[in-house]
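Participant: Pasting a predicted model and its sequence here:
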Amino acid sequence: MKLISLRIITKDIKQSVQFYEKAIGLTAQWYTEDFAELSTSTITIAIGSTQTMKMFSDNPIESTGNKSSIIEFLVSNVDDEYQKIKDITPEIVQEPTTMPWGNRSLLFCDPDGNLINFFTPVSPEAIKKFS
């Protein structure tokens, strides 16, 4: 089994896609007005409007953001990324902080309230783990 995609359901797809394009520096591929994807070398971030949920069920769930999961991105320098992120969202949960497990992490929210972590390994053990 291989995890290849993470789908975010949103009430405002244009706002969410623009946010992720700025945050991760990729251009989205739009397939319909209700569905777009941003692909990295390891995973695809799919973004669908709440309308897409009607294709799965007659009783679609509502997009309310998620505070129990964190979408994580390995970045080369989390402090540099912070300078960019603080200009695109007021929802900074944690400024860059070195965590006990050796990653320097920046935690913030996307427009729907989903938690996002940008992190850079800084301890020898963490650097080895992600190299």
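Facilitator: Cool, the structure landed. Computed from a predicted model, the values in this text were never measured in an experiment.

Participant: CA atoms only: put the worst-scoring helix or strand of the chain on mean pLDDT into PDB for me.
Facilitator: Using mean pLDDT, DSSP states H and E, strand 5-10 stands out as the lowest-scoring helix or strand of the chain, at a mean of 92. Extracted in PDB, the C-alpha atoms of strand 5-10 (Å, rounded to 0.1, in the frame of the first residue of the first chain):
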ATOM      1  CA  SER A   5      -3.000  11.700  -2.200                       C
ATOM      2  CA  LEU A   6      -4.500  13.800   0.500                       C
ATOM      3  CA  ARG A   7      -7.900  15.400  -0.400                       C
ATOM      4  CA  ILE A   8      -9.100  18.600   1.300                       C
ATOM      5  CA  ILE A   9     -12.800  19.500   1.000                       C
ATOM      6  CA  THR A  10     -13.500  23.200   1.100                       C
END
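
Participant: Name the surrounding residues that touch that strand.
Facilitator: For strand 5-10, contacts defined as CB atoms under 8 Å, 6 or more residues apart in numbering pick out 16, 37, 43-50, 52-53, 61, 63, 71, 110-112, 114. C-beta: built from backbone N, CA, C; applies to glycine.

Participant: mind running it again at 7 Å?
Facilitator: Strand 5-10 has contacts (CB atoms under 7 Å, 6 or more residues apart in numbering) with 16, 43-50, 53, 63, 71, 112, 114.

Participant: what residues go with each domain of the protein?
Facilitator: As given by automatic domain parsing, the domain ranges for the chain are 1-63, 64-131.
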